[in-house]
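A.B. asks: Based on what follows, work out the 3D shape:
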Amino acid sequence: TWNPRTGAELLDDRWVGDQAWWVMALAGYANKFGDSSAMDSAQRGADWLVSQIDPMGKVVASTEGNVDVWWALLATSRLADAEKIKAYLLNATTVWDPNLRYWWRGFNDPAIAMDAATWLSAFARHPSVNQPERGQAALSFVRKTLLTRSQDGSLCGFDGMGPVSIWFEGTAQYVAAGGEDAQTFLEMLISQQNPDGSMPGSTENWSSDAFGWLTTWRGLAPTAWLYFAITGLPFPTPATFLPFILRDA
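C.D. replies: Down below sits the predicted model:
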């Protein structure tokens, strides 16, 4: 966080997910349009991400944050550094639970989180990882643990943690990853889309900061993930990568 008047940094939580996503975005833009300046920027971002990798192979405690960095390093061809993060994510003593077969939310943090299942399911199915059974198991686990209904009982979907109520962004992540009954959940999502094309965050508003994503406000994230639920996951992948189920764009 920063002081909006002076620009002085007030707090640094060392989060890396956002930086990794813009590295992915810049690399994708550069590859699509041949923009060398965008790739130069992506590479500088990758330099910083690599500098944050610790001896264990993690960048932050968050499993989501670490897999974000792994995707960013693949997008910028930093394959040797990506291998360090891959080894950490697959290690049964760090964030993968070999008994319940799901990825913990973070290091020493066994909480269940949708992002850690859906984004890691794509990681597990990537040819350089080639452990699709882990991806399938993680999606099955969140289907059992994060499935929930709207307060009026009319809709069924997923929360990101909890579960407390339906989180449209997380439900769309599950669909994009090709989880069981994805088509049913996709139809539910489309039924909640606003006439202008946008998506709300949830079916309900929750005032607690602990569940700030549960809001009826329209948002870029739920709208973008509805798009990905229809077209497929947005991660950089080779042509041989396929989701568990295929959908027409």
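
A.B. asks: The residue lying closest to Ala8 once chain neighbours are set aside pairs with what?
C.D. replies: Leaving out its chain neighbours, the residue that sits closest to Ala8 by C-beta to C-beta, 6 or more residues apart in numbering is Trp2, at 6.5 Å. C-beta here means a position set from N, CA and C on the backbone, and glycine is covered the same way. On the basis of DSSP bridges, Trp2 is bridged to Glu9.

A.B. asks: got a list of what Trp2 touches?
C.D. replies: Ala8, Glu9, Leu10 (C-beta atoms under 8 Å, 6 or more residues apart in numbering).

A.B. asks: can you count the residues close to the first one?
C.D. replies: Ala8 has 8 neighbours, counted by other C-beta atoms under 10 Å.

A.B. asks: The second one now?
C.D. replies: When neighbours are defined as other C-beta under 10 Å, Glu9 has 9 of them.

A.B. asks: what's the spacing between it and Trp48?
C.D. replies: As judged by C-beta to C-beta, to the nearest Å, Glu9 and Trp48 stand 15 Å apart.

A.B. asks: likewise the first one?
C.D. replies: Remark: distance between Ala8 and Trp48 (C-beta to C-beta) = 20 Å.

A.B. asks: Which pLDDT value belongs to Ser208?
C.D. replies: pLDDT, Ser208: 66.

A.B. asks: for Ala124, same thing?
C.D. replies: Taking Ala124 on its own, its pLDDT is 95.

A.B. asks: Can you tell me the closest non-neighbouring residue to it?
C.D. replies: Leaving aside its sequence neighbours, Ala124 sits nearest to Gly135 (C-beta to C-beta, 6+ apart; 3.6 Å).

A.B. asks: which ones are touching that neighbour?
C.D. replies: Leu120, Ser121, Ala122, Phe123, Ala124, Arg125, Ala177, Phe244.

A.B. asks: Okay, strands next: where are they in the chain?
C.D. replies: Listed in chain order, the strands found in the chain under DSSP state E are 96-97, 102-103, 147-149, 156-158, 199-200, 218-219.

A.B. asks: what's the most buried one of these?
C.D. replies: Each of the strands of the chain was assessed for mean neighbour count using mean count of other C-beta atoms under 10 Å. The highest is strand 102-103, with a mean of 28.

A.B. asks: Can you give the strand pairings for that one, parallel or anti for each?
C.D. replies: Applying DSSP bridges, one finds strand 102-103 paired with strand 96-97 (antiparallel).

A.B. asks: where does Met39 sit relative to Arg149, distance-wise?
C.D. replies: On the measure of C-beta to C-beta, Met39 and Arg149 end up 46 Å apart.
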